[in-house]
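> let's see this in three dimensions:
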Amino acid sequence: MNSSIRIKLSVMMFLEFFIWGGWFVTLGPFLGSTLKASGAETGAVFSTQSWGAIIAPFIVGLIADKYFNAERILGVLHIVGAILMYQMYQAADISVFYPYALGYMIVYMPTLALVNSVSFNQMSDPEKQFSGIRIWGTIGWIVAGLIISFLFHWDSEAGIGAGLLRNTFLMSGIASLVLGLYSFILPATPPKIAKGEKVSIGQVLGLDALKLLKDKNFLVFFLASILICIPLAFYYQNANSFLADIKVDNPTGKMTIGQISEVLFLLALPLFFKRFGVKYTILVGMLAWALRYAMFAYGNAGELSFLLIIGIALHGVCYDFFFVTGQIYTDSKAGPQAKSAAQGMIALATYGIGMLIGFYIAGKISDAYTVAGAHDWKMIWLIPAGIAAAVMVLFLLFFKDDKRVKIEA
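Down below sits the predicted model:
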């Protein structure tokens, strides 16, 4: 891959995740403080991500793979996304905001697969080359958080009170427009399915991967993936609101520690994976979810603030040791013809079904433990900690396959 293409793909990844990190992290505080949304209403807005993930395979599989170049669809979706993001910026109440958020996530979630498709199409050795491109996405997410906290202070107590979090949508909308226009100069990525080639809808949507569920151990892993996303949803929905509510300075900036740890633990994952195997690597990831929420439950903005920082830093273990290991395990179980379909099925199960259930439960729990506007954060965090611990125990008991999957160090 020449340097010009590498730079183009890196900028694409940076903008792709700068957009998402630029508004999604602070969405909870914005909905609660500016739009006065209830926990259930907040959960419904966060669930738009799941609906987008469920619909995404249809857009990518039935349109991008069959009819149009991936980079052109990427451009159109981000331009439409910029328009919807501007409408979110202007929305005055939750009833107006929700349909725009739903529309935005329906056009954004397919772009996650499209940027990967554009990248892979330019790589001769994706296993070695992709990580160097993808890391710019994590950097983009981190930069967005640092800008919000340390440059503009939109997430400060005064900023939230003045409604400045609304500006995150304008910032992300501008970035979306830039990426939309920029996409049209990205390397050409033609449809994967040749013109005239007959392919069933089941093949396009990857339904062939369902046969993997006949394997008892994979079925246990699949169900555990759905269940662990229930406590995961609590983090996305409540973490920033929690930190802001207990008066932690620069909460969005501090949450970028999670993305930094994600990069660091990703480097440690191959060694851990080789030493302990798939079962215990995944169990460590599940244990990290339970521990981080217990730390959130008992931490505070004063002398116990170190518990909050450690809890945020555990994000790397939570994500890499469960989700990345799960992707490797899935790849090892799928045959050559079903690898992409199997990964799509896991993404649908986690970001789609699992988090859809999780956001609903998180919203209900938040409402149940909020009295006169005051949150009982201890209980709000102990409940997902308990769910994560229960999933961990069930996985320990029923998952028997500890195959040492080969992985590049």
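> what about Leu271, how many residues close to it?
Leu271: 11 surrounding residues under other Cβ atoms under 10 Å. Any C-beta I mention is one placed from the backbone N, CA and C, and that applies to glycine too.
> that one: which element?
Using DSSP states H and E, Leu271 sits within helix 251-298.
> next: Ser117.
Assigned by DSSP H and E, Ser117 falls in helix 94-120.
> what's the separation between the spatially most central residue of the chain and Met109?
Centroid check for the chain by Cα atoms, centre = their mean gives Tyr351 as the closest residue, at 7.2 Å. Tyr351 sits 8 Å away from Met109, going by Cβ to Cβ, to the nearest Å.
> list residues touching both of these two?
Residues touching both Tyr351 and Met109 (Cβ atoms under 8 Å, 6 or more residues apart in numbering): Gln49, Ala53.
> leaving out sequence neighbours, find the closest residue to Ala233.
Excluding the flanking residues, the one nearest Ala233 by Cβ to Cβ, 6 or more residues apart in numbering is Gly358, at 2.7 Å.
> follow-up on the earlier one: which helices and strands does the helix or strand that the helix holding Ser117 is followed by pack with?
Toward the C-terminal end, the helix or strand that comes next after helix 94-120 (DSSP H and E) is helix 126-146. Under the contact criterion of 3 or more Cβ pairs under 8 Å, 6 or more residues apart in numbering; DSSP states H and E, helix 126-146 touches helix 3-21, helix 94-120, helix 251-298.
> closest to Leu314 out of the ones you listed?
Proximity to Leu314 (Cβ to Cβ) singles out helix 251-298 among those, at 4.3 Å.
> show the average pLDDT along the closest one.
Mean pLDDT, helix 251-298: 92.
> run the chain-centre distance for the helix or strand hosting Ala390.
If you go by DSSP H and E, Ala390 is part of helix 377-398. Computed by Cα atoms, centre = their mean, to the nearest Å, the chain-centroid distance of helix 377-398 equals 20 Å.
> could you say what helices and strands that helix packs with?
By 3+ Cβ pairs under 8 Å, 6+ apart, helix 377-398 packs against helix 216-245, helix 251-298, helix 355-368.
> residues in contact with Ala233?
Counted by Cβ under 8 Å, 6+ apart, Ala233 has contacts Phe46, Gly354, Met355, Ile357, Gly358, Phe359, Ile361, Ala362.
> buried only: go through those residues for me.
The neighbour-count test (16 or more other Cβ atoms under 10 Å) marks Phe46, Gly354, Met355, Ile357, Gly358, Phe359, Ile361, Ala362 as buried among the contacts of Ala233.
> and stretch 151-162, which residues are buried?
Neighbour count says stretch 151-162 has His153, Trp154, Asp155, Ser156, Gly159, Ile160 buried, by 16+ other Cβ under 10 Å.
> for His375, give me the backbone phi and psi.
phi -90, psi 140 (degrees, to the nearest 10).
> shouldn't it be in contact with Ala368?
No. The criterion here is Cβ atoms under 8 Å, and His375 misses it with Ala368 at 10.6 Å.
> those two: which is more packed in?
Taking neighbours as other Cβ under 10 Å, His375 and Ala368 compare with His375 leading, 19 against 13.
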